[in-house]
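Q: Fold the following for me, if possible:
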Amino acid sequence: MTIKTVTIKNRAGIHARPAALIAQTANRFASEILIERDNTRINAKSIMGIITMAASYNTQLTICADGTDEKEAVEAIDLLFENKFEED
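A: Numbering: from 1, shown residues only. Got it, this is the predicted structure:
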């Protein structure tokens, strides 16, 4: 299992567009990918699940991936957070 903590750096937080980017990226990988916030785990491949987290600016989330391409999956999703979902 590969685990990484990320921080939301874009001012708008996770809304529909970032949620779609996360889900689209996660769906490129075979691994099971979960995002955790406050002991709640959601499937990173589900746009609606991601949106229901209501994660705002500076919120910390944990990405957990388990499978054959887990490292690549976590790195790809981390890159979205680092690039502020190309919003700022």
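Q: Compute the distance between the residue of the chain most remote from its centre and residue 29, please.
A: In the chain, the residue that sits farthest from the middle, by Cα atoms, centre = their mean, is residue 68; the gap is 18.2 Å. Distance of residue 68 to residue 29, computed by Cβ to Cβ, to the nearest Å: 9 Å. For the C-beta atoms, the positions are set from N, CA and C on the backbone; glycine is no exception.
Q: so who does the residue lying closest to the residue farthest from the centre of the chain once chain neighbours are set aside touch?
A: Among residues not flanking residue 68 along the chain, residue 30 sits closest, at 5.7 Å (Cβ to Cβ, 6 or more residues apart in numbering). For residue 30, the contact set (Cβ atoms under 8 Å, 6 or more residues apart in numbering) comprises 67-69.
Q: How is residue 30 assigned, secondary-structure-wise?
A: Here residue 30 takes the coil state, with states given by DSSP: H, G, I helix; E, B strand; the rest coil.
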